[in-house]
Structures are given as structure tokens and as C-alpha cells.
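Trainee: below: sequence and its predicted model.
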Amino acid sequence: KQEVTQIPAALSVPEGENLVLNCSFTDSAIYNLQWFRQDPGKGLTSLLLIQSSQREQTSGRLNASLDKSSGRSTLYIAASQPGDSATYLCAVFGQAGTALIFGKGTTLSVSS
Amino acid sequence: NAGVTQTPKFRVLKTGQSMTLLCAQDMNHEYMYWYRQDPGMGLRLIHYSVGEGTTAKGEVPDGYNVSRLKKQNFLLGLESAAPSQTSVYFCASSYNRAGELFFGEGSRLTVL
């Protein structure tokens, strides 16, 4: 059974710092991996989708990498801002799966 | 473009009452999903649909029923609500099987 783990569960950084959020998954047979952002009391917003054949995807200050063989992905946030404060969730779609399997998220707090 | 719309956004029920959550998407997506999100448990799949007239069970389907009579709508029903069903429910949709997932804002349900 696919399991997705995100470490750390919470992270606090000062504004301007570059940071990395980690995601690991147990079964490397995946179609893709997706990163989402969730603000308090809101739904999830898709940030980046990495296909299994890709190594990374970039969107603005965000860069996500995928190492399928080791079952790991990282989300790199450059020059963090208070507006980046949110919970970031990682999810994988397994080749034998029917839906995304989510990690429990990393709650990021960026202080000004 | 509304995307994915969920109604109602908030509801309080007494144990044993029934209710239906409505999800509507205007993106012509084939795939639709219902997840529940609980503290410490993350997002878990309840039911999903791969097209009009089809439904299937996810990880935690007990106590819920679903219907997809129209392509744009996916209904989640609770026939006899229990306190264990207190949760935030999210609907999501995607164009294809492992496509980018779009979420609604969530429906917060409390069962007393």
C-alpha cells in the first residue's frame, strides 16, 4: 500500500530564507506527484505536477524535484515571504492506483 | 469560471439525520472525487467517479453513498449521520485519470 510521508510537520522561518520541504513515498511505481498549497479554512490549490518521467518542475519561486527510484520529492521555495505561510501537501498517483494518495502536510510559517 | 463549487459550506446535524453534499464542476472533467480531511489523518478518499453514471469506493466508503447522474455533479450522501463523520469534506475533479486535481473550498460538517 502506498504511503506518503512529509517531514517536518511544521516549519518556521524568517522572511527571505530559502527553504526545502520534503516528501517521501513507499512505492516508486507512480504516474505523477503533485504539490498543493492549503490556506486555513480553504481548499487545496495545485502548485506543481511532476510526471514520473520528469526530474523537476518550476513555477516562479517554487521548484519541485522528483527522485522516483529513492521515493523522494522536494519542494524548494526561494526567498520566502509571509504570504507563503500555509500548509503544503504532497500527493502521488500510483500506477495501480485510482486516486491521489496524500501526505499529512507541512505547515509553513514565514515571519516578517 | 467557478471551477469546483461545493454546497453547503457549513452544516450541523444531529446523530441519525441524513443530508447530501453537492459538488458541481464547470470544467467538463470526467473524474470526480470526494475526500474527507481530519486532524492527524490527512486527506482520505471516500468515493470517486470516472464518468457520468459511474461510482466506486475509495479508502473510507462506509456510511456514505454517492451518485453521478450528470457529468458536472457529484453528490455525497449520509443516510444516518454519526459523530465519527464530523469532518471537512472536499470535492475534487480532474480531466483524466492522473491529471491535475482541482479542489472545491470544502464543506465543514459537524454531527452532534
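Mentor: Nice, I can see it. No experiment lies behind these values; they were computed from the predicted model shown.
Trainee: just for chain A, where's the confidence low?
Mentor: Within chain A, not a single segment meets pLDDT under 70.
Trainee: which residues of it fall in strands?
Mentor: A:4-7, A:10-14, A:19-25, A:30-38, A:44-51, A:56-59, A:62-67, A:72-77, A:86-94, A:101-102, A:106-111 (DSSP state E).
Trainee: and the second one with chain B, contact?
Mentor: Translated: strand A:10-14. No: using CB under 8 Å from any CB of the partner chain, strand A:10-14 stays clear of chain B, coming no nearer than 13.0 Å. Glycine gets a C-beta too; all of them are placed from N, C-alpha and C.
Trainee: got it, and stretch A:69-89?
Mentor: Yes: using CB under 8 Å from any CB, stretch A:69-89 reaches chain B at residue A:89.
Trainee: surely residue A:18 touches residue A:80?
Mentor: Yes: judged on CB atoms under 8 Å, residue A:18 makes contact with residue A:80 at a distance of 7.1 Å.
Trainee: the more surrounded of these two?
Mentor: residue A:80 (21 against 11; other CB atoms under 10 Å in any protein chain shown).
Trainee: start to end distance for stretch A:47-61?
Mentor: Its start and end residues considered, stretch A:47-61 measures 11 Å (CA to CA, to the nearest Å).
Trainee: what does it rub up against?
Mentor: A:30-37, A:62-68, A:73, A:75, A:77-79, A:88, B:100 (CB atoms under 8 Å, 6 or more residues apart in numbering or on different chains).
Trainee: could you rerun that using 7 Å?
Mentor: Outside of stretch A:47-61, the residues within contact range by CB atoms under 7 Å, 6 or more residues apart in numbering or on different chains are A:30-37, A:62-66, A:68, A:77-79, B:100.
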